[in-house]
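Enquirer: model this:
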Amino acid sequence: MMNSILPHLRRAATTHLRRTFSSEAAPASGLMKLNFNLPQETLYDAAPVKSVVVPGAMGEYEVTADHVPIVAELKAGMLTINHEGGESEKYFVAGGFSLTHEGSTTDIVCPEAVKLDDIDSAAVQTNYEAAKAKASSAEAGSAEAAEAMIEVEVNRAMGGALGLNLA
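Expert: Below you'll find the model as predicted:
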């Protein structure tokens, strides 16, 4: 019985590996398609871009044309879109998900995204200090303490994206 199953398992494993490690050839332009969506608007719709640097929860990574398919949770941080001409666009994202598909297409879905140029660094510093004070005065284990820690982490990530050293 086992001998009759093994050839099928080997064939299935080989087919799976072939599908996992190979994909369609990258477009001749070397560009990928980006879909970047927020609940209230679409920022990019199948736009050709050179790459996207994603703040993944397990670490930052760059997606380029012909990238292996991947699904990642995003942490609060800077998302960078690199265009063909060398210019880049930077957004602060509060979290979300990134899905890279075969065929050089990536979908980014975030609850909020703000262009880095639109963020006031003085306001981030002030909000960070206020959140730290709120966190230190909140009762340990309370909902107020948890909310304050989220504010601290988001403002720290925003400050880091702006090049501020918030400690």
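
Enquirer: And the spatially closest residue to E112 that is not a sequence neighbour, how close does it get to G86?
Expert: Counting by CB to CB, 6 or more residues apart in numbering, the nearest residue to E112 once its immediate chain neighbours are dropped is A94, at 4.4 Å. To be clear about C-beta, it is placed using only N, CA and C from the backbone, and glycine gets the same treatment. Here A94 is placed at a distance of 28 Å from G86 (CB to CB, to the nearest Å).

Enquirer: what about these two, which has more around it?
Expert: Between A94 and G86, counted using other CB atoms under 10 Å, the more crowded position is A94 (17 against 7).

Enquirer: Identify the residues contacting that one.
Expert: Contacts were defined as CB atoms under 8 Å, 6 or more residues apart in numbering; by that measure A94 touches A76, C110, P111, E112, A113, V154.

Enquirer: repeat for A122
Expert: Counted by CB under 8 Å, 6+ apart, A122 has zero contacts.

Enquirer: Over to it. Which of the three states is it?
Expert: For A122, the secondary-structure state derived from DSSP: H, G, I helix; E, B strand; the rest coil is helix.

Enquirer: measure it to L164 for me?
Expert: Per CB to CB, A122 is found 10 Å from L164.

Enquirer: E60 now?
Expert: Computed as CB to CB, the E60 to L164 distance reads 18 Å.

Enquirer: which residues in the chain form helices?
Expert: Under the criterion DSSP state H, helices of the chain are mapped to 2-21, 121-137, 143-162.

Enquirer: show me the residues around K50 that make contact.
Expert: K50 makes contact with G30, L31, M32, T64, N82, H83, E84, according to CB under 8 Å, 6+ apart.

Enquirer: List just the nearest of the residues you listed to G56.
Expert: T64 (14.9 Å; CB to CB).

Enquirer: now stretch 57-68: how far from the chain's centre is it?
Expert: Using CA atoms, centre = their mean, to the nearest Å, the mean C-alpha position of stretch 57-68 is found 9 Å from that of the whole chain.

Enquirer: tell me how far the ends of stretch 29-38 are from each other?
Expert: Start to finish, the residues bounding stretch 29-38 are 27 Å apart (CA to CA, to the nearest Å).

Enquirer: Kindly report the same for stretch 84-93.
Expert: Between the opening and closing residues of stretch 84-93 there is a gap of 22 Å (CA to CA).

Enquirer: do stretch 31-40 as well
Expert: Stretch 31-40: ends 27 Å apart by CA to CA.

Enquirer: circling back to that earlier point, and the residue nearest to E112, how far from V109?
Expert: Distance, A94 to V109, using CB to CB: 12 Å.
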